[in-house]
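Enquirer: What follows is a predicted structure for the sequence shown.
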Amino acid sequence: MSPDHEPPEPVLQSLVIGAGQAGLAASYFLRRRGVEHLVLDANPRPGGAWQHRWSSLGMDDVHGVADLPGSSAPGSSAQPANLVVPDYFDGYERWHHLPVVRPVRVERVESEGDLLVVRAGDRSWRTRTLVSATGTWTRPFVPHYPGIGSFAGEQVHTAHYPGAEHFRGRRVLVVGGGASAVQLLGEIAVLTDTLWVTRRPPVWRDGFDSAAGLAAVTAVEERVRRGLPPASVVSVTGLALRPQEQEAALLGAYDRLPMFERIEPDGVRWSAHHGGRFEHVDAIVWATGFRPAVDHLAPLGLRSPEGGIALVPVPGNVQGATTAVRDPRVQLVGYGPSASTLGASRAGRQAALAVSRHLAAAAA
């Protein structure tokens, strides 16, 4: 048969985009349910976003790596998380024979009749259902402030943080009110002069219990149920200093300043309300978080007028909301209430269940 008349690729029952915690969990549960599928991963090797984290982030520093289903995550150690976790994911993929194809960077997903067509360059796959597990790491967020383009110093986002030693001898401004900002200050402040600015005063906590965690996840689930973009849960969970950050605290690293009004070539300036204060800085570290990497889903029109992708709630399971309201063929894991290592694994189970139910209903 000539190349012009090659038969089309067979239709998959499901396709997973992303091989991080959420994608691997979804693949594991799809395989257990006998759902024929592939996992497309943009990275050249296993590890999800973990392989891109800064080398000074040890396993002792991370806020927890949840177990992948049917496996035990590596424990606390001084080893770099960007080596330990990718090794764990690599072994998991091989042990469970998960059908991961890489590197494949999905550009868009389109609807053609009853099928979804996933396109990556000149390659495409047809599938009856889709699990999007693309996380946030590829969408670092930097807010716009007047003069941001005029700054003569260095600006880096958490996603490209080069390590504390890189900033030795320079005055560093860390922007952001989340756990990453606290951690980076803990490293940088012991080497050089730092400033910390946040939009809202930080809320500190002495400990973290299951009730606080449930409240945080429930707040996010409520937003995605209404079709709103997912938001940070730090305002609910609060911040805590770990032992390795106490030295920075004694140096005053966590004496927070309100947000500046504009950026100038050699520093930042506050509004007249704050006396027009000016602070010289040599570098700005934007610890301002990430946005969900869902642009590939844009052709499906899943976004609500409120700007987010509404998910169908699952009674009694706030992390089980994975099905897109506007297209039940599409599951999102690691989005909204499941945007954590523990939530992603739980959502992977729910997504596989929803895929199985959809396939059964379509075949009936």
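Expert: Sure thing, it's come through. Given the structure is predicted, the values throughout are model-derived calculations rather than measurements.
Enquirer: Is Ala22 in contact with Gln331, as I believe?
Expert: No: assessed by CB atoms under 8 Å, Ala22 is found out of contact with Gln331, at 10.0 Å. Where you see a C-beta, it was placed from the backbone N, CA and C, and this is true even at glycine.
Enquirer: So what pairs up with Glu154 in the strands?
Expert: Beta-bridge pairing for Glu154 (DSSP bridges): Ala283.
Enquirer: give the contact list for Arg256.
Expert: Contact analysis of Arg256 by CB atoms under 8 Å, 6 or more residues apart in numbering lists Trp196, Val197, Thr198, Pro201, Pro202.
Enquirer: My error: substitute Glu36 in the last question.
Expert: So Glu36 contacts Leu12, Gln13, Ser14 (CB under 8 Å, 6+ apart).
Enquirer: Got the phi and psi for the closest residue to the second one other than its chain neighbours?
Expert: Distance criterion CB to CB, 6 or more residues apart in numbering; nearest residue to Gln13, sequence neighbours excluded, is Glu36 at 4.5 Å. For Glu36, the backbone dihedrals are phi -70, psi 130 (criterion: degrees, to the nearest 10).
Enquirer: returning to what we had before: between the contacts of Arg256, which is closest to Ala310?
Expert: For these, the minimum distance to Ala310 (CB to CB) is 29.7 Å, reached by Thr198.
Enquirer: Could you measure from that closest one over to Ser56?
Expert: 22 Å (CB to CB, to the nearest Å).
Enquirer: So for the two, which sits in the more crowded spot?
Expert: Thr198 (20 against 17; other CB atoms under 10 Å).
Enquirer: Can you tell me, leaving aside adjacent residues, what's nearest to the more buried one?
Expert: Spatially, and ignoring its direct neighbours in sequence, Thr198 is nearest to Gly177 (3.7 Å; CB to CB, 6+ apart).
Enquirer: Do you have the strands of the stretch 151-300 of the chain handy? List them.
Expert: Secondary structure of the stretch 151-300 of the chain by DSSP state E, counting those that start in this stretch: the strands cover 154-157, 172-175, 194-198, 257-258, 262-264, 267-269, 278-280, 283-286.
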